[in-house]
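> Coordinates for the following, if possible.
(one chain, ligands or ions: 2)
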Amino acid sequence: MCDDHTLVRPGLPSTVCQICADPLGRDDQWVLQSYGDRRTASLDPPVAGICPDCQPAVAELLDDWASVPEPPVDADSIAAGYARVAEDCSFCGDPLSEPPVGVEWYRAGTDHATPPVDRHHYALCGHCTGVFETFLQTLGE
Ligand SMILES: [Zn+2]
Ligand SMILES: [Zn+2]
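Ligands and ions are numbered 1, 2, ... in the order given. Sure thing, here's the model as predicted:
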């Protein structure tokens, strides 16, 4: 049986890569998780697994984004937590006039002692959420 620390938070969410649809290994997948709430839309799907082959294409884009601190857990919603730590959109850099969509990007795997690793947080404005969604769809075509 596994010890608790070998379980990946919040569990390996996907069985196939969101982009290429290849089966995902248990040990090495990247997770893209987005948090909207009643005021915002989240990405569709809100949780996506990305295989190691597709990871560089996504990471290359995210490298250019401005990451935000880890959001507080005591906000009304996770998205509201992102609104608290982010002033500007991670993608376009415009001030966030509306609640952002929170995006979490991390590597999940059963071989990591303290998952998740390489974890980053971003906050997107509504416009950039749509742009990012289109980008992910385009990668998969
Ligand atoms: Zn893939
Ligand atoms: Zn933006």
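> Pull up the per-residue confidence for the residue nearest to residue 125 when sequence neighbours are not counted.
Nearest non-adjacent residue to residue 125, counting by Cβ to Cβ, 6 or more residues apart in numbering: residue 89, 4.0 Å away. In short, each C-beta sits where N, CA and C put it, glycine included. Among the per-residue scores, residue 89 shows a pLDDT of 97.
> Please name the residues that touch residue 89.
Applying Cβ atoms under 8 Å, 6 or more residues apart in numbering to residue 89 gives the contacts 95, 96, 100, 123, 124, 125, 128.
> out of those, which are buried?
The neighbour-count test (16 or more other Cβ atoms under 10 Å) marks 96, 100, 123, 124, 125, 128 as buried among those.
> now the helices for this protein?
Counting by DSSP state H, the chain has helices at residues 55-63, 78-85, 126-139.
> In a markdown table, list those helices along with mean pLDDT and distance to residue 45.
Compiled in a markdown table, the helices of the chain are given as follows (pLDDT from 0 to 100; distance: least, Cβ to Cβ, whole Å):
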| stretch | mean pLDDT | distance to residue 45 |
| --- | --- | --- |
| helix 55-63 | 95 | 15 |
| helix 78-85 | 93 | 16 |
| helix 126-139 | 93 | 10 |
